[in-house]
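**Q** Got a predicted model here, sequence first, then my questions.
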Amino acid sequence: MNNYEWGARDISAPKRGELRRVPVARGQVLEDVQTGWVGEVVRIEKSGGMRVVVLEDRRGRTKSFRTGFGFLLEGEPIELVEPVRAAASAPSRTASGSVRVDQLKARTARASRIWVEGKHDAELVEKVWGHDLRVEGIVVEPLHGVDDLAGAVRDFAPGPGRRLGILVDHLVAGTKEERIAAAAMAVPGARGNVLIVGHPYVDVWQAIRPSVLGIAAWPVVPRGTDWKTGILRGLGWPHSTAADVALGWKRLLGSVTTYADLEPSLLGRVEEVIDFLTADGS
């Protein structure tokens, strides 16, 4: 992303209160515990819905890390938190991290739409970005599968002021999803009016950070096993019926409270879609 890399580190946090909370500030010299990267804070920014800090080492190289646990300041383990701001002027935030707009009537729905693969994708997007979408007048619609995505795009008839942003599960190189997306983008009117993005996960469930559930990683599902059933079994949750799957998803969704509970690979794609749909001013 841009001209720097993400620092890969364990985001599991110690119990609150064990470490000193230090507001991030330009000029601090920090060490990332897991990678050993040492650098001066040169930028503090929001990327993919998260607050990140960019550290520049003595050779002028930069790397970006999510704020939180896992840093040393002058050899002391700390929790790196949001920059200090005047409490009186600090706006309230939505679950997506954006500024909450209060006492504002939701905008009349645009002709443009966000399409996602299924009901669970739509519910997750609504939970985190619902306020933002209502302010912008953007409706999220589940497709219930993308096998005939090209036909659905053709029926929608995209054009100026009538855009589509489409979020596809498991959109990685060499997959059938990549071929389906390419065919959809070949539909007349799609170029410039349709944006198809995706995350690398088999299912949107995996876009929830495992640490939110108190686990180190999602269970591995054996080949040939229904994915959702295998995940629930691996978690030790009921998994035998459709009702079990529905209750399992409800429990997973209930664990999500803010954008920080989701993986960057989903956060960035949803925000990219929202930006695309609002850029034309329709």
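**A** Arrived safely, thanks for sending. Numbering: from 1, shown residues only.
**Q** what's in contact with the one helix or strand residue 275 maps to?
**A** For residue 275, the element it lies in under DSSP states H and E is helix 264-278. If you take CB atoms under 8 Å, 6 or more residues apart in numbering as the criterion, helix 264-278 is touched by 6, 47-50, 66, 96, 110, 112-114, 125, 128-129, 132-133, 136, 138, 163, 165-167, 195, 197-201, 204, 207, 259. For the C-beta atoms, the positions are set from N, CA and C on the backbone; glycine is no exception.
**Q** Could you tell me which of these belong to strands?
**A** Members of these lying in strands (criterion: DSSP state E): 6, 47, 50, 66, 113-114, 165-167, 195, 197-198.
**Q** Neighbour-wise, which one of the residues you listed leads?
**A** residue 167 (26 neighbours; other CB atoms under 10 Å).
**Q** so how many other residues sit close to the nearest residue to that one once chain neighbours are set aside?
**A** Nearest residue to residue 167 in three dimensions, chain neighbours excluded: residue 116, at 4.8 Å (CB to CB, 6 or more residues apart in numbering). Counted by other CB under 10 Å, the residues lying close to residue 116 total 26.
**Q** cool, and residue 133?
**A** 22.
**Q** my guess is it meets residue 141, correct?
**A** No - under the criterion of CB atoms under 8 Å, residue 133 makes no contact with residue 141, lying 11.6 Å away.
**Q** Would you mind grabbing the residues shared as contacts by the two?
**A** residue 114.
**Q** about what we covered before: ok, the residue nearest to residue 167 touching residue 144?
**A** No - here residue 116 lies out of contact with residue 144, judged by CB under 8 Å, at a distance of 9.8 Å.
**Q** For residue 199, which residues are in contact?
**A** Contacts of residue 199 (CB under 8 Å, 6+ apart): 167, 169-171, 207, 263, 265-266, 269.
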